[in-house]
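Enquirer: Have a look; sequence and predicted model below, questions after that.
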Amino acid sequence: MKAWCRKPDPGSPDGQPGWGGAVREGKPSKQALADARASDTCLMNKINLAQKLSLFDDHWNPRIITELNGQYLKLVKFKGPFTWHHHDNEDELFMVVKGRFRMEYRDDSGREQSIWIEQGEMITVPRGVEHRPVADEEAQVLLFEPASTLNTGNVENEFTKKKLAEI
Ligand SMILES: [Fe+2]
């Protein structure tokens, strides 16, 4: 089994392969990519967001659901306030799948601002901008960001997740 290749997911309602809870190990080699292209089991698998979201309940712990062009798509559940941080090198996209949350950020003058992101809406936080999402009720969110992105950016604390599971 190639470490990055999707395993059959017994929890999938339609039998589609998933990551089976595996933690990704390294990047695929050229040979592994060639093997994958020759195999129906590793490419062209659809992803059902609701099904993936049903696989976990905890908050502020993103899961990787797929990868493209050096970027990850992740699913995460927000509840309560996150920690203030910024990312030196990455822009981050947040899209609300279910619920709503408030993105708090500091503008160029350092003044705190906030904007509500409703279900079906998204926002891109540019690199360098101090921000923290806050969810009064649980929000289910899709993240799209470079693979190098640490969830707490320049800060390390109890919210930091250095190794993410793939589902
Ligand atoms: Fe962030």
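Expert: The structure has been received and is ready for your questions. Residues are numbered from 1 along each chain as shown.

Enquirer: Let me see the ranges of the strands in the chain.
Expert: Secondary structure of the chain by DSSP state E: the strands cover 7-8, 17-18, 63-68, 71-81, 92-98, 101-106, 112-117, 122-125, 131-146.

Enquirer: Format these as CSV; extra columns: mean pLDDT and distance to residue 30.
Expert: C-beta coordinates here come from the backbone N, C-alpha and C atoms, glycine included. Below are the strands of the chain laid out as CSV (pLDDT from 0 to 100; distance: least, C-beta to C-beta, whole Å):
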stretch, mean pLDDT, distance to residue 30
strand 7-8, 46, 22
strand 17-18, 45, 22
strand 63-68, 96, 16
strand 71-81, 98, 20
strand 92-98, 98, 29
strand 101-106, 98, 39
strand 112-117, 98, 39
strand 122-125, 98, 32
strand 131-146, 98, 21
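
Enquirer: Out of the ones you listed, which is closest to residue 44?
Expert: Taking C-beta to C-beta, strand 17-18 is the member of the strands of the chain nearest to residue 44, at 10.1 Å.

Enquirer: how is this protein carved up into domains?
Expert: Following the assignment in automatic domain parsing, the chain carries domains at 1-46, 49-166.

Enquirer: Residue 115 pairs with what?
Expert: residue 103 (DSSP bridges).

Enquirer: one step back: adding mean neighbour count, write the domains of the chain out as TSV.
Expert: As requested, the domains of the chain are exported to TSV (neighbours: other C-beta atoms under 10 Å):
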stretch	mean neighbour count
domain 1-46	13
domain 49-166	16
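
Enquirer: quick one on the thing from earlier: can you tell which of the strands of the chain is closest to residue 166?
Expert: Closest to residue 166 of the strands of the chain is strand 63-68 (C-beta to C-beta; 4.4 Å).

Enquirer: Determine the angle, from 0 to 180 degrees, between the closest one and strand 131-146.
Expert: Angle of strand 63-68 versus strand 131-146, following axes from the mean of the first three to the mean of the last three C-alpha atoms, to 10 degrees, is 40 degrees.
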